[in-house]
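Participant: Pasting a predicted model and its sequence here:
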Amino acid sequence: MSKHIPTPSMDTGAIPVIPESIRRSVHIQGSPHPAQENTKVPTQIKVLIAASFLIALGYGLVAPVLPGFARSFDVGAMAATFVVSAFALSRLLFAPVSGKLITAFGERRIYSTGLIIVGLGSIGAGLSINYPMLIASRIIGGTGSVMFTVAAMGILVRNSPPSIRGKVSGYYATSFLLGNILGPVLGAAASALGMRVPFFVYAGMLLCASLIVMTQLKDQAPQTHLNTQGIPVAKPELTLKEALKFSNYRSALFTNLTVGWSIFGLQSTVVPLAAVALLASLHGSEAGYDPAAAGARLAGFTLATYATGNALMQIYSGKLGDRIGRRPMIFSGLLLAGIVTIVFGTITAPSAFVASAILLGIAAALLSPSLQAAISDIVGNKRSGGQPLAYFQMVSDIGLIVGPLFAGFIIDAWGFFPAFAVAGALLLIAAIGWIPGIKPKFPADLADKGYTGR
């Protein structure tokens with residue numbers, strides 16, 4: 001029997017008291033949830049967070065030694081950087097297939113299988129006897145990487161209670177971030193044992209994470225709904241075509257493209273180059289001064305402060321997104337990120353360079369958990385969203401590949417400021433799709449009950 005929720009009296013305007021049991025069952029998305037503070041993070045999510053920390057920690061071990069290991073095969077700088085590009089390209093190309101595999105076999109199996117494949121790729125890299133073997137191993141690893149990345153998003157979507165989706169996304173992102181911060185520290189120590197050792201340690205961590213996932217995560221029973229004859233049938237998956245009918249999903253695709261291009265892509269490539277150029281302009285004429293070495297130190301410190309600002313804001317941002325809605329958080333994050341990115345191109349002092357990195361980390365933390373939660377709101381807990389999730393991840397990889405290349409072209413032709421200005425402008429354009437107060441459009445028949453898009 002359905003519950004009847006009283007409404008305010010039209011005659012007197014009196015607001016009746018709603019029983020606590022009913023109030024706790026009602027959720028209005030994008031507004032404070034009565035039981036929000038009492039909703040606990042499910043065990044499935046805790047397992048996922050632990051696995052993500054291991055994955056990120058292991059990747060941090062490999063990242064510092066990877067370019068140098070490639071150079072040990074007597075290849076040039078461009079070939080050495082291609083070990084990163086090959087990984088990203090294989091992720092991009094395999095993303096649509098990974099979405100179909102998740103729909104067919106479920107998130108848990110594809111997550112675990114993806115971890116094993118990346119582990120095998122890491123072992124292959126550590127055993128490489130030449131450059132082509134290293135590239136082949138990286139390509140194999142990339143296919144497994146996109147499998148577990150998209151599957152992890154699916155597990156988050158299915159298991160995150162609607163009232164704390166932002167909070168859960170914040171926890172997950174923070175665990176990955178902490179692993180990325182601690183990993184390079186351990187990697188520097190492990191590299192003393194040889195450049196091949198980190199690859200084997202990374203593989204071991206991935207296999208441990210796979211074991212955790214296989215033994216601790218549970219497959220969810222297919223959700224059902226009643227068809228027109230009143231017979232329970234399996235809830236159909238949300239296809240890409242259906243997801244594109246949600247204006248928030250279309251905005252999320254463009255936003256993730258710009259985040260991959262302007263935040264993740266530029267911070268790993270253009271920011272280090274800009275740090276060297278900045279110090280060269282300030283101290284390049286001094287005798288015995290090495291701007292390349294000093295610039296590398298400034299770049300490393302800048303990226304560390306970015307990670308610090310990001311980590312400190314991440315969890316609080318997710319909780320705030322659950323309270324006030326996804327759109328205000330994403331809008332404010334993109335607005336701040338766009339402004340800071342443009343300012344980066346005008347900086348003439350190292351202290352301002354570092355301060356801007358902190359602000360950029362905060363901006364990324366403002367938008368990321370709510371962006372993930374907005375996608376989760378669209379897919380919902382009761383159906384698979386392999387295709388939409390895969391394409392959401394794919395556009396970020398496109399930005400990560402194209403953004404640095406386009407920025408490099410601009411820098412060679414016109415300098416650093418235009419490159420930062422273009423990246424910042426993209427973020428500001430993306431913010432238009434999330435302006436608070438504008439009601440998003442979506443098909444009511446496809447949306448979960450209570451979905452508002454706010």
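Facilitator: Perfect, thanks for sending it. Numbering: from 1, shown residues only.
Participant: ok, residue 417 - how many residues close by?
Facilitator: As a burial measure, residue 417 scores 16 neighbours (other C-beta atoms under 10 Å). C-beta: built from backbone N, CA, C; applies to glycine.
Participant: Same question for residue 199.
Facilitator: Residue 199: 29 neighbours (other C-beta under 10 Å).
Participant: The helix or strand harbouring it - contacts with which helices or strands?
Facilitator: Here residue 199, judged by DSSP states H and E, is contained in helix 197-216. Helix 197-216 is packed against helix 43-62, helix 107-126, helix 165-190, with contacts defined by 3 or more C-beta pairs under 8 Å, 6 or more residues apart in numbering; DSSP states H and E.
Participant: next one: the second one to chain centre, how far?
Facilitator: By that I understand helix 107-126. Here helix 107-126 is found 19 Å from its chain centre; the criterion is C-alpha atoms, centre = their mean, to the nearest Å.
Participant: helices and strands of this protein: which one bottoms out on pLDDT?
Facilitator: Lowest by mean pLDDT, DSSP states H and E among the helices and strands of the chain is helix 20-23, with a mean of 38.
Participant: low-scoring stretches of the stretch 201-350 of the chain, by residue?
Facilitator: For the stretch 201-350 of the chain, the stretches flagged by pLDDT under 70 are 219-235, 268-269, 284-289, 291-296, 300.
Participant: just the strands in it please.
Facilitator: Applying DSSP state E, counting those that start in this stretch to the stretch 201-350 of the chain gives strands spanning 224-226, 232-234.
Participant: what's the pLDDT at the nearest residue to residue 57 once chain neighbours are set aside?
Facilitator: Residue nearest to residue 57 in three dimensions, not counting chain neighbours: residue 179, with 4.0 Å by C-beta to C-beta, 6 or more residues apart in numbering. According to the prediction, residue 179 has pLDDT 79.
Participant: shouldn't residue 179 be in contact with residue 59?
Facilitator: Yes: using C-beta atoms under 8 Å, residue 179 is in contact with residue 59, at 7.3 Å.
Participant: neighbour count winner among these two?
Facilitator: The residue with more neighbours, out of residue 179 and residue 59, is residue 59; 23 against 20, by other C-beta under 10 Å.
Participant: what sits against residue 303?
Facilitator: 267, 268, 271, 272, 357 (C-beta atoms under 8 Å, 6 or more residues apart in numbering).
Participant: What's the PyMOL line that selects buried ones from those?
Facilitator: Selecting only the buried entries of these in PyMOL, with 16 or more other C-beta atoms under 10 Å as the criterion:
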select buried, resi 267+271+272+357
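Participant: For residue 99, state which of the contacts of residue 303 is nearest.
Facilitator: Nearest to residue 99, judged by C-beta to C-beta, of these is residue 268 at 26.0 Å.
Participant: rewinding a little: now what about the helix holding residue 199, what contacts it?
Facilitator: Contact partners of helix 197-216, identified using C-beta under 8 Å, 6+ apart, comprise 43, 47-48, 50-51, 54-55, 57-59, 61-62, 65, 108, 111-112, 115-116, 118-120, 122-123, 125-126, 187, 190-191.
Participant: Buried ones among those?
Facilitator: Buried members of the contacts of helix 197-216, counted by 16+ other C-beta under 10 Å: 47-48, 51, 54-55, 57-59, 61-62, 65, 108, 111-112, 115-116, 118-120, 122-123, 125-126, 187, 190-191.
Participant: Quick check: buried residues in the particular helix or strand that has residue 103 in it?
Facilitator: For residue 103, the element it lies in under DSSP H and E is helix 77-105. Buried residues in helix 77-105, counting neighbours by 16+ other C-beta under 10 Å, are found at 80, 82-92, 94-96, 98-99, 101-103.
Participant: quick one: it to helix 107-126, angle?
Facilitator: Interaxial angle of helix 77-105 relative to helix 107-126 (axes from the mean of the first three to the mean of the last three C-alpha atoms, to 10 degrees): 150 degrees.
Participant: Same list (the helices and strands packed on helix 197-216) but as a markdown table, adding distance to residue 317.
Facilitator: Output for these, formatted as a markdown table (distance: least, C-beta to C-beta, whole Å):
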| stretch | distance to residue 317 |
| --- | --- |
| helix 43-62 | 16 |
| helix 107-126 | 25 |
| helix 165-190 | 6 |
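Participant: closest one to residue 323 among those?
Facilitator: helix 165-190 (8.4 Å).
Participant: now that closest one: how far from the chain's centre is it?
Facilitator: Going by C-alpha atoms, centre = their mean, where helix 165-190 is centred and where its chain is centred differ by 12 Å.
Participant: Compute the inter-axis angle for that helix and helix 197-216.
Facilitator: 150 degrees.
Participant: elements contacting helix 165-190?
Facilitator: Against helix 165-190 (3+ C-beta pairs under 8 Å, 6+ apart) you get helix 43-62, helix 131-159, helix 197-216, helix 291-324, helix 350-379.
Participant: relative orientation of the fourth one and helix 350-379 in degrees?
Facilitator: Right, the one you point to is helix 291-324. 40 degrees.
Participant: for the second one, same thing?
Facilitator: If you take the same axes, to 10 degrees, helix 131-159 sits at 60 degrees to helix 350-379.
Participant: which strands and helices sit next to helix 131-159?
Facilitator: By 3+ C-beta pairs under 8 Å, 6+ apart, helix 131-159 packs against helix 43-62, helix 66-71, helix 77-105, helix 107-126, helix 165-190, helix 350-379, helix 386-414.
Participant: Distance from the first one to the middle of the chain?
Facilitator: Just to be clear, that refers to helix 43-62. On C-alpha atoms, centre = their mean, the centre of helix 43-62 falls 14 Å from that of its chain.
Participant: neighbours of the nearest residue to residue 122 once chain neighbours are set aside, just the number please.
Facilitator: Ranked by C-beta to C-beta, 6+ apart and with sequence neighbours excluded, the top spatial neighbour of residue 122 is residue 203, at 4.1 Å. By other C-beta under 10 Å, 24 other residues sit near residue 203.
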